[in-house]
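Asker: here is my input; please provide its structure:
(one chain, ligands or ions: 1)
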Amino acid sequence: MSSAAVWGPSAAPYHREGQHLSITVVGSIAFDAVKTPFGERERMLGGAAVHFALAASFFERVRVVGPVGDDFAEPELAVLEEHAIDTDDIERVPGGKTFFWRGEYGWDLNTRETLDTQLNVFEHFEPKLSPESRASEVLFLANIQPDLQRRVREQCPQARFVAMDSMNLWIETARDSLLQTIAGVDCLILNDAELRELTAKPNLVQAAREIFSWGPPGPAAIAAKQGEYGAALLTPDGFFGLPAFPLEAVVDPTGAGDSFAGGFVGYLAARREELDAAGGELPGDLLRRAMAYGTALASFNVEEFGTERVARLTAEEIFARVGELSEMTRFSDVRVPLRR
Ligand code: AMP
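Answerer: You can find the predicted model right below:
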């Protein structure tokens, strides 16, 4: 896979002093109610920014931006802080209620039904980032209303790599705003069905080509999440695909996409020296490795409900799974004489 040009100039000298070594993420911080064929939870810590942060925190310090209500108590905050995630930019809204989502999965865990979405404190949220969050070189706009994603993007002018996620709700209700947000990022991480819906194109390759035709500015790489079938990475002149890690038991897919993004973006951030050496390009080999880390983190996420599994994951487990993934996707191109 050839390189994609996205890695922006360094805002040295801060970079050299180590002040920018963090990833800022904005997105939902939530209570989720989830039912799957394997059990249910009435109220658990969730949200796109939370799942992303837990996965990315293995690679770098993550700063979470977003509001919560009075109902978001110490135990929830502690889950983040125990993983050295910076919660200074989590704003507690007095009298407010935390974002709430209720979803249900049938036997096909690839499709889920959203039964309730309550934006609550996100409805009137005005992001005000701390100087530390503004100074992050890597920014992830996790799933939330696209105006909010952009308001955070605008406060991080020094970000050298910006990736984003979104969902069908925003494609259907805030399309123009979403397109503006997409124009301001380097990498789009979306489900394949959402990519097709966004572009009204029947397949992934056409959908990616359409998105690249909107720029520049705009994404130079697209990661298409395909649920139990894995993920694909498309650049204007390259393609790479990985299957999902084959698991015996998938319990709750909620947050898999955000964990994938956390592993993918986290790995790229951790390899910034490789990015610097590539002089403004995202090398294809680096992107492939980032895909493997994303795939590994997502696979752990779905083994248990909500954040439970990733919260007690270890670095050794991640390395072992990436190693297995590397083994199971390797093949050599040995030819035989063909009959015709
Ligand atoms: P994923 O399974 O990775 O697509 O993301 C699941 C997370 O997205 C859940 O923890 C929800 O709290 C969150 N979520 C669901 N709907 C929305 C929405 N409309 N905006 C932002 N976050 C959402």
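
Asker: the ligand contacts on the stretch 1-150 of the chain?
Answerer: By C-beta under 6 Å from any ligand atom, the residues of the stretch 1-150 of the chain that approach the ligand are 28, 30, 32, 46, 47, 48, 51, 101, 117, 143, 144. Every C-beta, even on glycine, is put in place using the N, C-alpha and C of the backbone.

Asker: from residue 324, how far out is the fourth one?
Answerer: For residue 46, the distance to residue 324 equals 28 Å [C-beta to C-beta, to the nearest Å].

Asker: out of these two, which sits in the busier spot?
Answerer: residue 46 (28 against 14; other C-beta atoms under 10 Å).

Asker: which ones are touching the more buried one?
Answerer: 28, 30, 31, 32, 34, 101, 254, 255, 306, 307 (C-beta atoms under 8 Å, 6 or more residues apart in numbering).

Asker: again, 7 Å this time
Answerer: Residues in contact with residue 46 (C-beta atoms under 7 Å, 6 or more residues apart in numbering) are 30, 31, 32, 101, 254, 255, 306.

Asker: surely the last one is within a helix?
Answerer: This means residue 306. No. Looking at residue 306 with DSSP: H, G, I helix; E, B strand; the rest coil, it is coil, so not inside a helix.

Asker: what's the nearest residue to it if we skip its chain neighbours?
Answerer: Spatial nearest neighbour of residue 306, excluding adjacent residues (C-beta to C-beta, 6 or more residues apart in numbering): residue 44 at 4.1 Å.

Asker: test my guess that that neighbour contacts residue 305.
Answerer: Yes. Residue 44 is within contact range of residue 305, at 6.3 Å (criterion: C-beta atoms under 7 Å).

Asker: which of these two has more neighbours?
Answerer: Taking other C-beta under 10 Å, residue 44 and residue 305 do not tie; residue 305 has more neighbours (21 against 18).

Asker: does that one touch residue 41 like I think?
Answerer: Yes. Counting by C-beta under 7 Å, residue 41 is a contact partner of residue 305 at 5.2 Å.

Asker: need the overlap of contacts for the two.
Answerer: With C-beta under 7 Å, 6+ apart, residue 305 and residue 41 have common neighbours residue 34.

Asker: check what pLDDT the residue nearest the centre of the chain gets.
Answerer: By C-alpha atoms, centre = their mean, the chain has its centre lying nearest to residue 261, at 2.6 Å. You'll see residue 261 listed with a pLDDT of 98.

Asker: in what helix or strand does it lie?
Answerer: helix 256-270 (DSSP states H and E).

Asker: and for residue 287?
Answerer: Going by DSSP H and E, residue 287 is in helix 284-301.

Asker: for residue 205, same thing?
Answerer: Residue 205 is part of helix 204-214 when elements are defined by DSSP H and E.

Asker: repeat that for residue 44.
Answerer: Per DSSP H and E: strand 39-46 holds residue 44.

Asker: next structured bit after the helix or strand of the chain with the lowest mean pLDDT?
Answerer: The helix or strand of the chain with the lowest confidence, counting by mean pLDDT, DSSP states H and E, is helix 14-17 at a mean of 50. Moving toward the C-terminus from helix 14-17, the next helix or strand (DSSP H and E) is strand 22-26.

Asker: contacting residues around that following strand?
Answerer: With C-beta under 7 Å, 6+ apart as the criterion, strand 22-26 contacts 49, 52-53, 56, 60-66, 127, 132-133, 136, 138-142, 144, 148-149, 152, 156, 265-266, 269.

Asker: give the pairing partners of it; include direction for each.
Answerer: Here strand 22-26 is paired, per DSSP bridges, with strand 61-68 (parallel), strand 138-141 (parallel).

Asker: so which of these is the most packed in?
Answerer: Stretch with highest mean neighbour count among those: strand 138-141 (a mean of 31; mean count of other C-beta atoms under 10 Å).

Asker: quick one: contacts for the residue nearest to residue 233 when sequence neighbours are not counted?
Answerer: Spatially, and ignoring its direct neighbours in sequence, residue 233 is nearest to residue 240 (4.5 Å; C-beta to C-beta, 6+ apart). Listed by C-beta under 7 Å, 6+ apart, the contact partners of residue 240 are 1, 232, 233, 287, 288, 291.

Asker: who's in contact with the helix holding residue 261?
Answerer: Outside helix 256-270, the residues touching it (C-beta under 7 Å, 6+ apart) are 23, 48, 51-56, 58-60, 138, 140, 142, 161, 163, 165, 189, 191, 223, 225, 231, 275, 286, 289-291, 293-298, 301-302, 310.

Asker: report pLDDT for residue 21.
Answerer: Confidence score, pLDDT, at residue 21: 83.

Asker: residue 166 now?
Answerer: pLDDT for residue 166: 98.

Asker: same thing with residue 41?
Answerer: Residue 41 carries a pLDDT value of 98.

Asker: touching, it and residue 304? I think so.
Answerer: No. Residue 41 is beyond contact range of residue 304, at 10.3 Å (criterion: C-beta under 7 Å).

Asker: contact partners for residue 282?
Answerer: Residue 282 touches 3, 4, 6, 7, 221, 275, counting by C-beta under 7 Å, 6+ apart.

Asker: tally up the residues packed near the third one, please.
Answerer: Residue 6 has 21 neighbouring residues, counting by other C-beta under 10 Å.

Asker: residues in contact with the nearest residue to it once chain neighbours are set aside?
Answerer: Setting aside the residues directly before and after it, residue 6 is nearest to residue 186 in space (C-beta to C-beta, 6+ apart), at 3.8 Å. Counting by C-beta under 7 Å, 6+ apart, residue 186 makes contact with 6, 161, 162, 163, 219, 220, 221.
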